[in-house]
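# One predicted model, sequence on top.
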Number of protein chains: 2
Amino acid sequence: MNEERLVAWLGRRAGKGRSPGGTGGIGGIGGIGDDTASLPRFGGRTVVTVDQQIEGVHFQEGLDPAVVARRLLAVNLSDLAASGAVPRHAFLALAAPEEFDHPTFFRALLSACRRFGVTLAGGDLATSVFLHLSLTLIGEKSPREAPLGRDQAKPGHRVWLGGTLGESAVGCWLVAMGARFRGAGVELPESLSLQGGVRTAAARAVRRHLLPVPQLELGRWLAALGPRRAGAAIDVSDGFAKDLHRLCAASDVGATIDAEALNSSTPRSFAALCKALELDGAGLVESGGEDYILLFTLPKTVSPPPRFRAVAIGVVTHKKRILLSHPTGRARRLAPRGWDHLAQRG
Amino acid sequence: MNEERLVAWLGRRAGKGRSPGGTGGIGGIGGIGDDTASLPRFGGRTVVTVDQQIEGVHFQEGLDPAVVARRLLAVNLSDLAASGAVPRHAFLALAAPEEFDHPTFFRALLSACRRFGVTLAGGDLATSVFLHLSLTLIGEKSPREAPLGRDQAKPGHRVWLGGTLGESAVGCWLVAMGARFRGAGVELPESLSLQGGVRTAAARAVRRHLLPVPQLELGRWLAALGPRRAGAAIDVSDGFAKDLHRLCAASDVGATIDAEALNSSTPRSFAALCKALELDGAGLVESGGEDYILLFTLPKTVSPPPRFRAVAIGVVTHKKRILLSHPTGRARRLAPRGWDHLAQRG
C-alpha cells in the first residue's frame, strides 16, 4: 500500500463507529495525511504538526548532528508556515546510537529554537541502531486569521510560489556525491571541478538542501489577510507536482501552470549548474522535492509584497486536471510524481 | 552520557541565552526529562506528552501490529494519567518496513483511541528498517485541578501505589522465552510446563507486559482533589526505585518505604510464579520497570476510594535518603536501579 492509498483508507475510516460524544477515532480536523491539524477544542487557534527525520531515509549517515538538528526544526517549521501559525512549543522524540553526540545536537537545536522563538518543552530519549528523530511542534494563530490549508483554493485564484524549486534536489545529489557542510561553508567534492558561478550555485544548492529556511513570515502574512482575502497554502516537501495535486484534490479544483513562469522562477545559475552536472533541471523543478517553500493561491486582486520574492505561476481552474502550458500553446498534464513516504523515490 | 546526566545537562541550559521575550530554548515548564509538559500559554490546561516505542528496544521483533498499536497508546496514556489530564488528541509518527501490516496496526490503534475518547488528529508516515513509533498525546485539565507532577510531594505525605509491581517484568521475560499474545489469549512456551494458578499468573504477567492498562481514572480522581488536598504523581515506567528517586529528587524530599507493605502489594500468585521460574521477585518489584501504574503521594488525611485498590507503602520524609524499612527494624537504602533509556538495562 503506498502513502496516498493508506491515507485515503484512513480517511474513509474517519467517523466510522465513533462514540456518541463525537470523540475517538480519526478526526475530521486534519487526519494523518495532512501536515498540520488545527484543534477546534482550543478555539481553532492551536496548530499541531509532527514530522520525522530518519538516518538513511531523510538524510545520509554521518551528517553533522548540528545540521541534523537545524534541519529537523526547519522542516517542521515549514509545515507550520503553511498554516500561518506562530511556532511556540516543540516536543522531541530522539532515538540515537550510543556514540551519538547528544551535546552537539542539543546545542544546535536549542540555538535554532531560540532563533524562531520556540520552547523545547518536552521529549523522550531512547537508544537505537539508526538515528531517528520525530518532532512535534505546537503553534498558535488567531481565529480571525485565514485558515490557509490545502482545501482553500478557488477557481480564478492565482497560483504562487514562495521561492525556487529544484535546488534542494540538486543539493541532495551533491551531498550523495560527497558535498559536506562544515562550519559556515560548503565543501564540494573535488571530482566535480566546478568553477565560478556554477560553483557558487552548487554551494547554494547544498545549503538549500541541508539547511532550508522555513517561510514563516510569508505564512503569517497570508494568515493575516483573513479568511476572505486569502486562499490555500501547502509547503512543497514531496515535490511541486505531487503537492500541487494534493492541494487541488483537497480543494476540488484543477490548475493551469505556465511552464515559462515556472522555469523563470529558478535562478539562471540553476540551469547552468544542472547543465554542468548533467542533471534534468526541469524534472527536478517539477518533482525533486524537499524544497520547503510555500505553494499558495490568492484571489487575483491580492499580491504578496515584493520582499517575499513570490512568483505567480498559474491559475486555479474549475476543470480538475492539472496542466503545464507552454508559450507555443502546447499543454501537457503534470503527473503527480514525487516522493512517496512508503516507497523509494517514485 | 547516560539519560539522567543528559537531562541534567539540558536542565542547566534552561534559561541560558534566552531571548528578551522569554521565549525560545528549553522551557521551565517541563523540559525533556519530564513525562508531560503543561503549556501555560493556553491557561495551564493543555498537557502534552511524547513517547516512542522501537522494535528491538521496547518490544521484540515480530510482535503482532495490533498489540504494538494498543501498547503504544497505553504507554503514552499512562504519562497523561500521572498528570491527571483527560486525553484528547493523538499525533503519530510511524516508520515501518515495507512489509508492515499498516491496516491491522491502524484498525487496532483507532479502536483503542475510540475506547479512550482520543482523536487521531495527525501524523507522519515513513519507511525504515526497524519499526519505530512515536506518539504525541495532548490532554486537557482544568486550571482549578491539582497540578500533580513529580515535584508536589511534601514531608508527611503517604506514598501510594495504584497497582502491582514486577508482573510486567516477569511478562517481559516470558515473552523473551516465547510467550505470545494471540486473539484474546496468551500462549505460553511449552518448555516451561506451568500448571494451575502459576500458569494463570504467567498469562496475567504477559498481558500486563504487552497490554498495560493506563490508570486514567485514578489520575483524574487525584487531579480533582485540587491543589491543597493532592500531592505528587508519576507513572512507574523505568522501575519503582528509579521513579521514586526521580519523584523525591524533584520534590526535594526523601521517603521511607515499608518493605512488608511493598511485598504484600503483589498478588500471592506472583511469588509462586517467580519461584517456579527461578526469578528474583523482590528485585523485579523494586526495579523491573514498565509497570505503568501510578506512584503518588497524598496528605495523611486523604485516601483513594477502595475501587482503585491503591496500597499505602510508606511516607515522605524531610531527610532526602530513600530507605526500605523491614519489620525487624533493619533498613537499607533503596538504590535508583532501573531502566536507562540511553544504555542497556542498568
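Perfect, I can see it now.
# For chain B, what's the nearest residue on the stretch 51-200 of chain A?
A:Arg114 (3.4 Å; C-beta to the nearest C-beta). Just so you know, the C-beta spots here come from the backbone N, C-alpha and C atoms, and that holds for glycine as well.
# what residue ranges in chain A are flagged as low confidence?
Low-confidence segments of chain A, defined by pLDDT under 70: A:1, A:3, A:13-35, A:38-44, A:339-346.
# residue ranges of the helices in it, please?
Along chain A, the stretches classed as helices by DSSP state H are A:3-13, A:65-83, A:102-115, A:167-176, A:196-210, A:216-224, A:240-251, A:259-264, A:268-277, A:281-287.
# Go through those and pick out the most buried.
Among the helices of chain A, helix A:65-83 has the highest mean neighbour count (mean count of other C-beta atoms under 10 Å in any protein chain shown), at a mean of 25.
# what sits against the nearest residue to A:Gly219 once chain neighbours are set aside?
Nearest residue to A:Gly219, sequence neighbours excluded (C-beta to C-beta, 6 or more residues apart in numbering or on different chains): A:Ala81, at 3.7 Å. Shown in contact with A:Ala81 (C-beta atoms under 8 Å, 6 or more residues apart in numbering or on different chains): A:Pro214, A:Gln215, A:Leu216, A:Leu218, A:Gly219, A:Asp235, A:Leu294.
# Can you add distance to B:Cys274 and give the helices of chain A back as TSV?
Converted to TSV, the helices of chain A look like this (distance: least, C-beta to C-beta, whole Å):
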stretch	distance to B:Cys274
helix A:3-13	43
helix A:65-83	43
helix A:102-115	37
helix A:167-176	54
helix A:196-210	53
helix A:216-224	56
helix A:240-251	55
helix A:259-264	69
helix A:268-277	65
helix A:281-287	59
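# Can you name the residues of the stretch 51-200 of chain A that neighbour chain B?
A:51-52, A:54, A:56-58, A:88-89, A:91-93, A:95, A:98, A:102-103, A:106, A:110, A:113-130, A:132, A:134, A:136, A:138, A:140 (C-beta under 8 Å from any C-beta of the partner chain).
# Buried ones among these?
Neighbour-count burial (16 or more other C-beta atoms under 10 Å in any protein chain shown) applied to these gives A:51-52, A:54, A:57-58, A:88-89, A:91-93, A:95, A:102, A:106, A:110, A:113-114, A:116-128, A:130, A:132, A:134, A:136, A:138, A:140.
# Settle this for me: A:Val311 is touching A:Val159, isn't it.
No - contact criterion C-beta atoms under 8 Å: A:Val311 and A:Val159 do not qualify, at 9.7 Å.
# which of the two has more neighbours?
Set A:Val311 next to A:Val159 and count neighbours by other C-beta atoms under 10 Å in any protein chain shown: A:Val159 wins out with 27 against 17.
# The closest residue in space to A:Asp291 that isn't next to it in sequence: neighbour count?
Of all residues beyond its chain neighbours, the one nearest A:Asp291 is A:Val236 (4.3 Å), with distances taken as C-beta to C-beta, 6+ apart. Using other C-beta under 10 Å, A:Val236 has 27 other residues around it.
# And A:Arg229, by the same measure?
13.
# For the nearest residue to it once chain neighbours are set aside, give me its contacts.
Residue nearest to A:Arg229 in three dimensions, not counting chain neighbours: A:Val302, with 5.4 Å by C-beta to C-beta, 6+ apart. Neighbouring residues of A:Val302 by C-beta under 8 Å, 6+ apart: A:Leu225, A:Arg229, A:Ala230.
# ok, those residues vs chain B, which is closest?
The closest of the contacts of A:Val302, once distances to chain B are taken by C-beta to the nearest C-beta, is A:Ala230, at 21.6 Å.
# If you count contacts, what does the lengthiest strand in chain A end up packed against?
The residue-count maximum for a strand in chain A (DSSP state E) belongs to strand A:86-96. In this structure, strand A:86-96 packs against helix A:65-83, helix A:102-115, strand A:119-127, strand A:132-140, helix A:216-224, strand B:37-39, strand B:46-54, strand B:132-140, with contacts taken as 3 or more C-beta pairs under 8 Å, 6 or more residues apart in numbering or on different chains; DSSP states H and E.
# got the angle between the fifth one and strand A:86-96?
Meaning helix A:216-224. 130 degrees (axes from the mean of the first three to the mean of the last three C-alpha atoms, to 10 degrees).
# cool, the last one as well?
An angle of 140 degrees separates the directions of strand B:132-140 and strand A:86-96 when computed by the same axes, to 10 degrees.
# Run me through the strand neighbours of strand B:132-140, direction for each.
Each strand that pairs with strand B:132-140, with its direction, by DSSP bridges: strand B:46-54 (antiparallel), strand B:86-96 (antiparallel).
# Arrange those in a markdown table, one row each, with distance to B:Ala249 as further columns.
As requested, the strands paired with strand B:132-140 are exported to a markdown table (distance: least, C-beta to C-beta, whole Å):
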| stretch | distance to B:Ala249 |
| --- | --- |
| strand B:46-54 | 20 |
| strand B:86-96 | 27 |
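# Which among those is found nearest to B:Gly196?
Among those, strand B:46-54 comes nearest to B:Gly196, with 33.6 Å by C-beta to C-beta.
# Relative to the whole chain's centre, how far out is that closest one?
On the basis of C-alpha atoms, centre = their mean, to the nearest Å, strand B:46-54 is displaced by 12 Å from the centre of the chain it belongs to.
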